[in-house]
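> could you work out the structure for the sequence below:
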Amino acid sequence: MPDPFSESTAVTIDTLDLAQQLISRRSVTPDDAGCLDLLIALLEPLGFTCDKISMGGVDNLWARRGTESPLVCFAGHTDVVPTGPLNEWQSDPFVPTIRDGVLYGRGASDMKSSLAAFVVAISDFIQQHPDHPGSLAVLFTSDEEGPSVDGTARVVAALKARDEKLDYCIVGEPTAVKKTGDMIKNGRRGSLSGLLTVKGVQGHVAYPHLAENPIHMVAAALAELAKTEWDNGNEYFPPTTWQVSNFNAGTGANNVIPGAAQIKFNFRFATSSTLESLQTRVHGILDKHGVSYNLDWTYDGRPFLTKRGDLVDAISRAIKTVTGINTELSTTGGTSDGRFIADICSQVVECGPTNATIHKINECIRVDELYQLPKIYLQTLKNLLIK
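Residues are numbered from 1 along each chain as shown. The predicted structure follows:
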């Protein structure tokens, strides 16, 4: 019987098979649906000590092979977003299906293919370099697409408590735009949300002098907030943005002045700004316009940045070797669990498949792209650990 992890077959056949096995598990947040057990069964024979951590209905995995530095970690999530209307899918989202060289299924690109590629790359690396320097680890969660409270953040806190730090971390988020490797994320913007409640006085629209309209009161302040330039960004980050996401006021009647208005807004901010600077400026604008308000802040995650250096260089060279592409560095997009990992790791980079179909009906990944991922991860390990 041929070795299933041979150089000629492991990267292609086993990656596809493992990706299909993972996709077939209905792991909608926070249900892991057995994905971690499947991965543990593959990692333990490779010499990993696996610690399955479950809390708050969330399953997490911290697995490590070796005790020496540097420590290279692969991070990702087994959970997926809900499918949406099943009748709009061309095939069952949890029955992995290949059509015209494309693998369809929920999680195909976000991010079960990356998890499969991680394991194959690790297996190939260990077979080629059984006495490799440094250590390898994986950090997987089933709570990335949800509240992200009992997932990666909890594992990072546990590692921090015992002073266990990572030297390099590769997060398998889908980062490519048109072709595998054309873009990686060397950072992400921070996220800061606000719930602004403007206090007015309810009354009849025919007697406005007896009421105080909170919409009118806050309108000028909102206009100024919308046109404010918060910063100019920097070499790695675009300028900070501020957006209103919800505005609610009124009783539904057209003859009643509302007594209050609620506005939800969000900052996506660069390292050029701080939490405190943004909050101070918002309060200053509201106060300048004489708005009567309450403002509750929610800090969703700080920005993180990995400048050009060992990890960025290792991944960039690996992508060039495997695909011939000169990758682009980017910090655009939403938040990821990289924001938690950056607390114990100075070099965090996201590298994964194309993101055109993530969270969409008929999510998919090209099979040839799937084949490239473990090759990129394998070459990155070689670039980092084999001098």
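
> for the chain, what spans make up the helices?
Taking DSSP state H as the criterion, the chain contains helices spanning 15-23, 35-43, 112-128, 152-161, 214-227, 275-288, 310-323, 338-341, 367-385.

> in CSV, list those helices along with mean neighbour count, mean pLDDT and distance to residue 138.
Where C-beta positions appear, they are placed from N, C-alpha and C, glycine not excepted. As requested, the helices of the chain are exported to CSV (neighbours: other CB atoms under 10 Å; pLDDT from 0 to 100; distance: least, CB to CB, whole Å):
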stretch, mean neighbour count, mean pLDDT, distance to residue 138
helix 15-23, 21, 97, 14
helix 35-43, 20, 96, 7
helix 112-128, 24, 97, 7
helix 152-161, 18, 96, 11
helix 214-227, 17, 98, 42
helix 275-288, 15, 97, 31
helix 310-323, 20, 98, 16
helix 338-341, 24, 94, 12
helix 367-385, 22, 97, 11
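
> so which of these gets nearest residue 97?
Nearest to residue 97, of all the helices of the chain, is helix 15-23, at 9.1 Å by CB to CB.

> and the helices of the chain: which comes nearest residue 95?
Of the helices of the chain, nearest to residue 95 by CB to CB is helix 15-23, at 8.3 Å.

> who are the packing partners of that closest one?
Here helix 15-23 is seen to pack against helix 35-43, strand 102-104, helix 112-128, helix 367-385 when contacts are counted using 3 or more CB pairs under 8 Å, 6 or more residues apart in numbering; DSSP states H and E.

> given the second one, what are its sheet partners and their directions?
What that stands for is strand 102-104. The pairing partners recorded for strand 102-104 under DSSP bridges are strand 97-99 (antiparallel), strand 364-366 (antiparallel).

> for residue 288, which of those strands is the nearest?
Taking CB to CB as the criterion, residue 288 comes closest to strand 364-366 out of the strands paired with strand 102-104, the separation being 50.3 Å.

> who touches the closest one?
Under the criterion CB atoms under 8 Å, 6 or more residues apart in numbering, residues 19, 101, 102, 103, 104, 105, 108, 109, 113, 353, 354, 357 lie in contact with strand 364-366.

> what's the average pLDDT for that strand?
Over the span of strand 364-366, the pLDDT mean works out to 98.

> would you mark the buried spots in that strand?
Residues 364, 365, 366 are the ones in strand 364-366 that count as buried (16 or more other CB atoms under 10 Å).

> just the closest of those residues to residue 130, please.
Taking the buried residues of strand 364-366 together and measuring to residue 130 by CB to CB, the closest member is residue 365, at 30.7 Å.

> for that closest one, give the beta-bridge partners.
Residues found in beta-bridge contact with residue 365 (criterion: DSSP bridges) are residue 103.

> what about it, distance to residue 379?
Distance of residue 365 to residue 379, given as CB to CB, to the nearest Å: 20 Å.

> excluding chain neighbours, what is closest to the residue nearest in space to the middle of the chain?
With distances taken as CA atoms, centre = their mean, the chain has residue 336 as the residue nearest its mean C-alpha position (2.4 Å). Once its chain neighbours are removed from consideration, residue 336 has its nearest residue in residue 173; the separation is 5.1 Å (CB to CB, 6 or more residues apart in numbering).
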